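A.B. asks: got a predicted structure plus its sequence, pasted below:
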Amino acid sequence: MLTQTTTRVLEPSDLGAALAVLESEPVANAFVTSRVQIAGLDPWRLGGEMWGWYTDGRLRSLCYSGANLVPICATPEAVRAFADRARRAGRRCSSIVGPAERTAQLWRLLEPGWGPAREVRANQPLMVAESPAADVAPDPQVRRVRKDEMDILMPACVAMFTEEVGISPLAGDGGLLYQARVAELIAAGRSFARIQDGKVVFKAEIGATTSQACQIQGVWVAPEFRGRGYSETGMAAVLRHALTEVAPIVSLYVNDYNTPARRSYSRIGFREVGAFMSVLF
């Protein structure tokens, strides 16, 4: 019997209730929803635990605790409960990420014990597109990356990750997990690039997919090709693929200080609908 308010680790039998919470905010929750739809709630398959917050016996809020700590549809009371559980468990994640208001509250509660963070990105605009802009032509040379092009794509992925996160994805395990993720996206047909003379000029991935929404990630242009419009035309191509073949809503989030990227995304059809926050360790 659950008490009036309680939090616990969810089990595979809780899948239906968890998906109902996740799908109530399909854009904000796309990343976690896509993982849960594939892996269920078994911690080994999911890559972490899913914590649930119950009010009057009903599941109201979630928190994914794996490589990332992600509050989901979390009320202030749920955030406090999740923070208590996270403190007791100790920090095992490399980042806290999620909707800005909930993540900021969670970080305020955890910072005394977990801080300082390596970096806090307090405002990362969440952008969505439901149709492409008519005046930006997609780059016809942006296409799906083939499995035999893994060695060509990998250096670009490492460069993108290092620029964005501030550390190399090859640290620790030598990049085995990161390489596996890149290979998974290629195999799923969700990795796109313009490859010229054996080198990546532009790349991006559709990193999370559900029937309601998908999320673009890993957008990168080789330094020597920046400022020539490849980001806009390349993203226009990926956006068209995503809207046509994956989901009716395409999302991404971007650092607030990256003004050129925000303008570029706006020109190809994205609009800002909210904000994420990331705390990096």
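C.D. replies: Yep, it's here. Just so we're clear, the structure is a prediction, and the values are computed from it rather than from any experiment.

A.B. asks: switch to C-alpha atoms for all contacts and neighbour counts from now on
C.D. replies: Will do.

A.B. asks: neighbours of residue 172, how many?
C.D. replies: The local packing of residue 172 (other CA atoms under 10 Å) involves 9 other residues.

A.B. asks: and it, how far from residue 65?
C.D. replies: Spatial separation of residue 172 from residue 65 under the definition CA to CA, to the nearest Å is 20 Å.

A.B. asks: spit out the contact partners of residue 222.
C.D. replies: 156, 200-202 (CA atoms under 8 Å, 6 or more residues apart in numbering).

A.B. asks: which of the residues you listed tops the neighbour count?
C.D. replies: Looking at the contacts of residue 222 with neighbours defined as other CA under 10 Å, the largest count falls to residue 202 at 26 neighbours.

A.B. asks: wasn't that one part of a strand?
C.D. replies: Yes. The assignment for residue 202 by DSSP: H, G, I helix; E, B strand; the rest coil puts it in a strand.

A.B. asks: that one bridge partners, please.
C.D. replies: Each beta-bridge partner of residue 202 is listed here, defined by DSSP bridges: residue 194, residue 221.

A.B. asks: mind listing the strands for the stretch 1-150 of the chain?
C.D. replies: Using DSSP state E, counting those that start in this stretch, the strands assigned to the stretch 1-150 of the chain run over residues 5-9, 49-55, 58-65, 68-72, 95-99, 119-129, 143-144.

A.B. asks: residues contacting the residue nearest to the spatial centre of the chain?
C.D. replies: A centroid search over the chain (CA atoms, centre = their mean) returns residue 31, at 5.1 Å, as the residue closest to the centre. Contacts were defined as CA under 8 Å, 6+ apart; by that measure residue 31 touches 207-209, 214-215.

A.B. asks: going by neighbour count, list what's buried in stretch 254-269.
C.D. replies: Of the residues in stretch 254-269, those scored as buried under the neighbour-count criterion (16 or more other CA atoms under 10 Å) are 254-256, 261-262, 264-269.

A.B. asks: so which of those would you say is closest to residue 107?
C.D. replies: The closest of those to residue 107 turns out to be residue 255 (CA to CA; 18.1 Å).

A.B. asks: quick check: closest non-adjacent residue to that closest one.
C.D. replies: Among residues not flanking residue 255 along the chain, residue 124 sits closest, at 4.5 Å (CA to CA, 6 or more residues apart in numbering).

A.B. asks: that neighbour: how many residues sit nearby?
C.D. replies: Here the count is done by other CA under 10 Å, and residue 124 has 21 residues near it.

A.B. asks: ok, residue 50 next?
C.D. replies: 25.

A.B. asks: please look at it and residue 41 and confirm they touch.
C.D. replies: Yes. With contacts defined as CA atoms under 8 Å, residue 50 counts as touching residue 41 at a distance of 6.8 Å.

A.B. asks: so what sits against both of those two?
C.D. replies: Shared between the contact lists of residue 50 and residue 41 (criterion: CA under 8 Å, 6+ apart) are residues residue 10.

A.B. asks: need the contact list for the residue lying closest to residue 53 once chain neighbours are set aside.
C.D. replies: Nearest-residue entry for residue 53: residue 7, 4.4 Å, with adjacent residues in sequence omitted and distances by CA to CA, 6+ apart. Going by CA under 8 Å, 6+ apart, residue 7 touches 51-54, 78, 81-82.

A.B. asks: need the max-distance pair from those.
C.D. replies: By the measure CA to CA, 54 and 82 form the most distant pair in those, at 11.6 Å.

A.B. asks: more neighbours: which of those two?
C.D. replies: With neighbours defined as other CA under 10 Å, residue 54 and residue 82 compare such that residue 82 has more, 29 against 19.

A.B. asks: so the more buried one touches residue 61, yeah?
C.D. replies: No. With contact taken as CA under 8 Å, residue 82 and residue 61 are classed as non-touching, separated by 9.7 Å.

A.B. asks: give me the number of residues near the nearest residue to residue 14 once chain neighbours are set aside?
C.D. replies: Distances taken as CA to CA, 6+ apart put residue 41 closest to residue 14, at 7.7 Å, once the chain neighbours are dropped. Residues within reach of residue 41, counting by other CA under 10 Å, total 24.

A.B. asks: pretty sure residue 41 contacts residue 17?
C.D. replies: No. In this structure, residue 41 is not within contact of residue 17 by CA under 8 Å, at 11.1 Å.

A.B. asks: flag the shaky bits of the stretch 51-200 of the chain, pLDDT-wise.
C.D. replies: Judged against pLDDT under 70, the stretch 51-200 of the chain has no low-scoring part.
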